[in-house]
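S.K.: Predicted model and sequence follow; I will ask about them next.
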Amino acid sequence: CGKCGSIYTGFKSSKDTKNYRCGKNNKAKSSIICKAPAISEKILHDLIWPEVRNFLKNPQAVLDKIQEDLQDTSYYKGLIEQRDSLLKKQNNNLQEDNRVRQAYKKGIYSIEELEAELEVIKIDRGSIDEELEAINQQLSAEEATQEKIISIQELAKDYKGKLDSLVYDEKYALLQRIVK
């Protein structure tokens, strides 16, 4: 919404027409009422569809730009390097755990020393695992976006020759697929 920043949502009017209104313009669902006007789905369709059609006829320029922004190699490579570094730390942590246990078995450490060393190792392992999980989530998000780009490319191929002949319901279904 241009007035309050809320999300526009769809609704059917009393005349059974489809419209969109500010999410804060629904007296039943919002305690704060926004006075932004509703917009007819037909008007939005007439404005948006030509842009969607043009995009699907030639998506590569937009997708290349998105891919370029997403694959800022320094960022992506940095994530990979951080992950690899954490995996090495994780492996070193496991090796240290084994060394400490072996030292105890050989009588080098007392039970108290063993427990103290293992506690330090456990704390280190926890922080390594947390950092690794965060990096893996970021990498997964990057990879999911790449998959979406491929999906849009395939969708554009499937519809390329059919875009000008789609009826309203087919256009609506196609827009739903793009948004997902």
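M.R.: Everything's here; your move. Residues are numbered from 1 along each chain as shown.
S.K.: Which parts of this protein are strands?
M.R.: Per DSSP state E, the chain carries strands over the ranges 8-12, 18-22, 39-40.
S.K.: Of all those strands, which one is nearest residue 32?
M.R.: Checking these against residue 32 by CB to CB gives strand 18-22 as the closest, at 10.1 Å. In this view, the C-beta of every residue, glycine as well, is placed from N, C-alpha and C.
S.K.: what's around residue 169, how many residues?
M.R.: A count of neighbours around residue 169, defined by other CB atoms under 10 Å, yields 8.
S.K.: got a pLDDT number for residue 130?
M.R.: Per-residue pLDDT puts residue 130 at 97.
S.K.: Can you say which of the strands of the chain is packed in most?
M.R.: Greatest average neighbour count among the strands of the chain goes to strand 18-22 (a mean of 19), per mean count of other CB atoms under 10 Å.
S.K.: Give me the contacts around it.
M.R.: With CB atoms under 8 Å, 6 or more residues apart in numbering as the test, strand 18-22 has contacts from 1, 3-4, 6, 8-13, 34, 36-42, 44.
S.K.: now the lowest-mean-pLDDT helix or strand in the chain: how far from the chain's centre is it?
M.R.: Every helix and strand in the chain was compared by mean pLDDT, DSSP states H and E; the lowest is helix 60-70, with a mean of 74. Taking CA atoms, centre = their mean, to the nearest Å, one finds the center of helix 60-70 at 16 Å from the center of the full chain.
S.K.: For the chain, give me the ranges with low pLDDT.
M.R.: 27-31, 69-73, 180 (pLDDT under 70).
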